[in-house]
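3D model of this:
(one chain, ligands or ions: 1)
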Amino acid sequence: MSGSKTAVLFVCLGNICRSPLAEAVFRKQVKEAGLEDRFVVDSAGTSSYHEGEGPDPRTVKVARARGVEMTGRARQIRREDAKRFDYIIAMDESNLRDVQRIVAEAGVHSPRVMRLREFDPEAGGDLDVPDPYYGGPRGFENVHDIVERSCAALLEHIIAERGLGASANERAGS
Ligand code: 4NP
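Presented below is the predicted three-dimensional model:
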């Protein structure tokens with residue numbers, strides 16, 4: 001997608017908690033690496049439950065306290081996304097299965113489909129970002145911690161895989 005840009009889509013169930021947070025955190029990290037013009041970053045939900053809604057205020061509150069501003073409206077993932085995005089990053093096993101099905105239905109093999117916590121250095125055996133929706137405030141703090149460290153490692157992975165390291169160094173030094 002978009003010539004030389006790398007397109008990354010984050011996916012959860014509702015697109016109001018985990019994936020829009022990952023989108024905002026990743027976008028901030030990309031900007032800090034000086035790679036803003038080399039990436040397209042978006043998020044979507046596997047469900048249409050919250051289509052058109054803004055992000056969950058509990059997620060927004062924790063993000064804002066940590067200097068991350070969230071924007072955008074929830075939307076459902078569609079087959080076309082399988083063609084547009086280079087990386088589709090699911091939050092949990094259930095999202096992963098749904099994304100794999102959509103990519104298969106789209107008949108493309110181009111996107112890399114993974115779970116975000118595959119990049120979490122502290123994941124241990126648990127590769128799901130837990131769904132905070134029905135839990136208390138501590139859950140939102142925990143999700144934020146997981147998303148921040150996993151996105152940082154994901155960005156390093158993509159920089160290495162796509163050979164963007166030189167651009168990142170040049171920009172950071174300029
Ligand atoms: P998300 O959280 O998938 O991280 O956006 C959820 C949001 C809404 C619901 C479940 C999870 N829901 O059941 O409405």
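
which SS class is residue 113?
strand (DSSP: H, G, I helix; E, B strand; the rest coil).

ok, how many other residues are close to the residue of the chain found nearest the ligand?
Using CB to the nearest ligand atom, the single residue of the chain nearest to the ligand is residue 14, 2.7 Å away. Every residue, glycine included, has its C-beta placed from N, CA and C. Residue 14: 22 surrounding residues under other CB atoms under 10 Å.

give the contact list for it.
45, 47, 49-50, 74, 133 (CB atoms under 8 Å, 6 or more residues apart in numbering).

same question, residue 165
Contacts of residue 165 (CB under 8 Å, 6+ apart): residue 159.

where does it fall, phi/psi-wise?
phi -60, psi -40 (degrees, to the nearest 10).

Tell me the pLDDT of it.
pLDDT recorded at residue 165 is 86.

Point out the residues in the protein that sit beside the ligand.
By the rule CB under 6 Å from any ligand atom, the part of the chain lying against the ligand is 12-18, 49, 131, 133.

Which of these ranks first by neighbour count?
Most neighbours among the residues of the chain next to the ligand, by other CB under 10 Å: residue 18, with 33 neighbours.

if we can go back for a sec, so which of the residues of the chain next to the ligand are in helices?
Among the residues of the chain next to the ligand, the members found in helices (DSSP state H) are residue 18.

Quick one: mark the members of the residues of the chain next to the ligand that sit in strands.
residue 12 (DSSP state E).

Tell me which two of the residues of the chain next to the ligand sit farthest apart.
Taking CB to CB as the measure, the residues of the chain next to the ligand span a maximum distance of 13.7 Å, between 18 and 49.

Next one, pLDDT for residue 107 please.
89.

Let me fix that, I meant to ask about residue 2.
42.

that older thread, any idea which of the contacts of residue 14 is the one closest to residue 153?
residue 45 (23.6 Å).

Wait, that closest one touches residue 73, no?
No: applying CB atoms under 8 Å as the test, residue 45 and residue 73 come out as separate, 10.9 Å apart.

neighbour count winner among these two?
Neighbour count, other CB under 10 Å: between residue 45 and residue 73, residue 45 has more, with 26 against 13.

got a list of what the residue nearest to the more buried one when sequence neighbours are not counted touches?
With sequence-adjacent residues excluded and distances taken as CB to CB, 6 or more residues apart in numbering, residue 45 is closest to residue 15, at 3.1 Å. Residues near residue 15 by CB under 8 Å, 6+ apart: 43-45, 50, 74-76.
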